[in-house]
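Give me a 3D structure for the following:
(chains A and B)
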Amino acid sequence: MIELFNVSVKLGHRGVLDQVSLQINKGEFVYLIGKTGTGKTTLLRLIYMDVFPDRGNVIIDSYSSSTIRQRHVPFLRRKVGVIFQDFKLLPDRNVFENVAFAMQVIGAPQKTIKARTLSVLTRVGLHHKRYQMPQRLSGGEKQRVAIARALINKPFILLADEPTGNLDPQVAKDILALLESINRSGTAILMATHNYDLIRQYPHRTLVLENGRLSREIPPEDLD
Amino acid sequence: MKLLFLIKEGFLGFRRARLATLITILTISLSLTLIGLFGLVVYHLSDGFKKTFSRINLEVYVDPTATASQITDLQTQISSMDAVEAVRYISPTEALQSFKSSFGEDMVEVLDGENPLQPSFRVTLKSDYADVEKIQQVKQKIEAISSVDEIVYQEQLVRLVNEYFFAGTVTAIAFGATIFLISAILIFNTIRLTIHSRKSVIEIMRLVGATQSFIKAPFIFEGVLQGLIGSLIACLGLWLISGLLAALFATTFAVPWFYYIFLIITGIFLGLIGSYFSVGKYLRF
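Purely as a prediction, here's the structure:
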């Protein structure tokens, strides 16, 4: 479903990723760990084709980085949900509008948008706060809104870039539990983090990124 | 594409970035008022200039031996020419009186009762013919008619006026183009700042899979709307200023209707181009 073949990426003159190869299967939960600046974010950006490899090839579903046309990139992104450490919510729209926005901009019918938005908000436990503005939400709630927005278009994979980085330990654990439940319903998850202690509570296959290279892979049973 | 969503987003953009929108509209209206005012001043100056200096008179002296019927025939022929606006016959007696009133001397007395002045026609050309080359052509045509003795006009003055008018036109165009360019840059930058303040919206639209045209459309709609409102304010401003100037100088200072059309089209065009390129800056795939 997601495959990277000997991918190298340079940003400016700096080599960020070097000959990275990996495969993520349908419905899988994979951690990507590594220190800050080792290329985790760049690897995620490769998957939603925000950056393209200088060498190698990235295959996402039926799209290939070497053959995809620019005008097809938005259609790939509708199949890939992304969440960030800083949530990236629109401060001038309430919770409902923030989530619905992701469906509005792909031109979905109004009726579908309303039903689907309420459904994902219920799923992330924020149905009752749908008219609140983001400023009045806690960090954990903001991340739940971001997750709802990422899920609304039914992606086959959710990319999470340090989703718990700004949250206190208990809230971080709740968010991870939510991601776990999303994964159980069939959505694959690739989560970049440097919080080794947190991911040990929900062990999955873990890829270790060091200086732009995938140095090793830790099987779930060895995450201790 | 959901047109309703785009229009709604465009209007919401106004509400969400009130100050930035207000500044953009203000910049557009002030710039266009300046352009309009400059154009209006140039228009009225050149109009006044033309009215003052474009009435060229040719003095067509008639052969003294010409008969009355020949003179009538000559007048008919000159009057029928395209270039001619008016023809007035000046008899030797009238010419003498004019001479007397100008110089205070009675030349008939000096010349022992004989009037030496010839009959003539004062031929006024249409304003389109206030040009030496064109006057020369008309002059040659009239000269070709029999019983014409000589044609005189103020060639040097016409040349001088034409040169000044040309220099004035070139200066006005250069100055107008500079004002237009500065205004366009100012408007572009203001629109760019407005869009920059909402780059997070653009980023999220990209991330969730909105197509380029879907992202651009509300911003372009907003830009066009800002251009339209700004230009309408400029039109109102120009109308008020022209009224004020007219009252102040007790003269007509009317704004030609096509000035309003020009300002509205310019405002919409600048809003469209400015927003199109500004939003494009934040769109990379």
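
Quick check: residue B:168 vs residue B:48, distance?
12 Å (CB to CB, to the nearest Å). In short, each C-beta sits where N, CA and C put it, glycine included.

neighbour-wise, which of these two wins?
Legend: neighbour count by other CB atoms under 10 Å in any protein chain shown for residue B:168 and residue B:48, higher for residue B:168 (14 against 11).

Tell me how far the longest helix along chain A lies from the chain's centre.
As assigned by DSSP state H, the longest helix anywhere in chain A is helix A:169-184. Offset of helix A:169-184 from its chain centre (CA atoms, centre = their mean, to the nearest Å): 13 Å.

ok, now stretch B:204-217?
How far stretch B:204-217 lies from its chain's middle: 44 Å, per CA atoms, centre = their mean.

Give me the buried positions along the longest helix of chain A.
A:171, A:172, A:173, A:174, A:175, A:176, A:178, A:179, A:182, A:183 (16 or more other CB atoms under 10 Å in any protein chain shown).

so what does that helix touch, helix or strand wise?
strand A:29-33, helix A:139-151, strand A:157-161, strand A:188-193, helix A:196-199 (3 or more CB pairs under 8 Å, 6 or more residues apart in numbering or on different chains; DSSP states H and E).

Would you tell me which of these gets closest to chain B?
helix A:139-151 (7.1 Å; CB to the nearest CB).

where does chain A dip in pLDDT?
Along chain A, segments meeting pLDDT under 70 span A:224.

nope, chain B is what I meant
Along chain B, segments meeting pLDDT under 70 span B:1-2, B:53-54, B:105-112, B:284-285.

For it, which segments count as strands?
Using DSSP state E, the strands of chain B run over B:57-62, B:84-90, B:120-125, B:148-152.

Could you pull out the buried residues of the third one?
Spelled out, that is strand B:120-125. Residues B:120, B:121, B:123, B:124, B:125 are the ones in strand B:120-125 that count as buried (16+ other CB under 10 Å).

One more: the shortest one?
Judged by neighbour count using 16+ other CB under 10 Å, the buried positions of strand B:148-152 are B:148, B:151.

likewise stretch A:136-152?
A:137, A:139-152.

before we move on, what about stretch B:90-98?
Within stretch B:90-98, the residues scored as buried using 16+ other CB under 10 Å are B:90, B:95, B:96.

how many neighbours does the closest residue in space to the second one that isn't next to it in sequence have?
Leaving out its chain neighbours, the residue that sits closest to residue B:95 by CB to CB, 6 or more residues apart in numbering or on different chains is residue B:117, at 4.2 Å. Burial measure for residue B:117: 19 neighbouring residues, criterion other CB under 10 Å.

Which residues are in contact with residue B:117?
If a contact means CB atoms under 8 Å, 6 or more residues apart in numbering or on different chains, then residue B:117 has B:92, B:95, B:96, B:99, B:107 as its contacts.

Name the residues of chain B found near chain A, please.
B:1-2, B:5, B:16, B:200-201, B:203-212, B:214-215, B:285 (CB under 8 Å from any CB of the partner chain).

residues contacting the residue lying closest to residue B:216 once chain neighbours are set aside?
Ranked by CB to CB, 6+ apart and with sequence neighbours excluded, the top spatial neighbour of residue B:216 is residue B:279, at 5.1 Å. Residue B:279 sits next to B:195, B:202, B:215, B:216, B:219, B:220 when contact means CB under 8 Å, 6+ apart.

ok, now residue B:183?
Contacts for residue B:183 (CB under 8 Å, 6+ apart) come out as B:31, B:32, B:34, B:35, B:270.

okay, among the residues you listed, which ones form the most distant pair?
Spatially, the most separated pair among the contacts of residue B:183 is B:34 and B:270, at 13.2 Å (CB to CB).

sorry, back to before: so which of the residues of chain B next to chain A sit within helices?
Judged by DSSP H, these include B:5, B:16, B:200, B:201, B:203, B:204, B:205, B:206, B:207, B:212, B:214, B:215 as members of helices.

rewinding a little: show me which of the contacts of residue B:279 is closest to residue A:197.
The shortest gap between residue A:197 and any of those belongs to residue B:202, at 36.6 Å (CB to CB).

Tell me if I'm right that that closest one and residue B:278 touch.
No. Judged on CB atoms under 8 Å, residue B:202 makes no contact with residue B:278 at a distance of 10.3 Å.

Could you check which of these two is surrounded by more residues?
residue B:278 (22 against 19).

Over to the residue lying closest to residue A:1 once chain neighbours are set aside. Which of the three states is it?
Setting aside the residues directly before and after it, residue A:1 is nearest to residue A:26 in space (CB to CB, 6+ apart), at 4.8 Å. When classified by DSSP: H, G, I helix; E, B strand; the rest coil, residue A:26 comes out as coil.

Can you show me the helices along chain A?
Assigned by DSSP H, the helices in chain A fall at A:40-47, A:73-77, A:95-104, A:110-123, A:139-151, A:169-184, A:196-199.
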